[in-house]
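[1] Whatever this is, show me its structure:
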Amino acid sequence: MAVVNLADKFAQIQAHWSPKIVGSLNGQQVKLAKLKGDFVRHQHEHEDEMFLVIEGDLLMEYDHGTESISKGEFVIVPRGIYHKPIAKQEVLVMLFEPAGTVNTGDVENELTKRDLEEI
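    Numbering: from 1, shown residues only. As a prediction, the model looks like this:
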């Protein structure tokens, strides 16, 4: 059991759209990521995802519209829902999702991260 300091962990993350594992519990992973720019539109067939905004403002684009998620807010994207995160400025997020969840879901491209570093 160890206390996790978010500022220290975020300071270790250099690249955008490259989540890092900071904890695990009950088959779930807690991940931190820095986001900037547009991500890829994708969905996760078997996993729900939770995005908690620590700093900044995140836009989540869905087929039916776009939501804004601000500092201190979170959104849960249900499995099977196409979504595209957009960060006009750098956004710091904490993610909760099942272990093994691939960040780009059903899309394979240069942003896909499979073997995540634990920091």
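[2] ok but residue 53 is inside a helix, no?
    No - assessed with DSSP: H, G, I helix; E, B strand; the rest coil, residue 53 is strand; it does not lie in a helix.
[3] hey, what's it bridged with?
    Residues in a beta bridge with residue 53, per DSSP bridges, are residue 93.
[4] show me what contacts it?
    69-74, 91-93 (C-beta atoms under 8 Å, 6 or more residues apart in numbering). Quick note: C-beta positions are derived from backbone N, CA and C, even for glycine.
[5] how about 10 Å then?
    When contacts are counted by C-beta atoms under 10 Å, 6 or more residues apart in numbering, residue 53 touches 35, 68-75, 87, 91-94.
[6] Was I right to think residue 107 contacts residue 40?
    Yes - counting by C-beta atoms under 10 Å, residue 40 is a contact partner of residue 107 at 5.1 Å.
[7] quick one: which of these two has more around it?
    More crowded of residue 107 and residue 40, by other C-beta atoms under 10 Å: residue 40, with 18 against 14.
[8] And the strands in this protein, which stretches?
    Secondary structure of the chain (DSSP state E): strands at 20-25, 28-38, 49-55, 57-62, 65-70, 74-77, 83-98.
[9] Nearest residue to the middle of this structure?
    By C-alpha atoms, centre = their mean, the mean C-alpha position of the chain lies nearest to residue 95, the distance being 4.7 Å.
[10] Just the pLDDT at that residue, thanks.
    At residue 95, the pLDDT value in this model is 96.
[11] so it sits right up against residue 34, yeah?
    No - applying C-beta under 10 Å, one finds residue 95 not in contact with residue 34, separated by 11.8 Å.
[12] Quick check: neighbours shared by these two?
    Residues touching both residue 95 and residue 34 (C-beta under 10 Å, 6+ apart) are 19-20.
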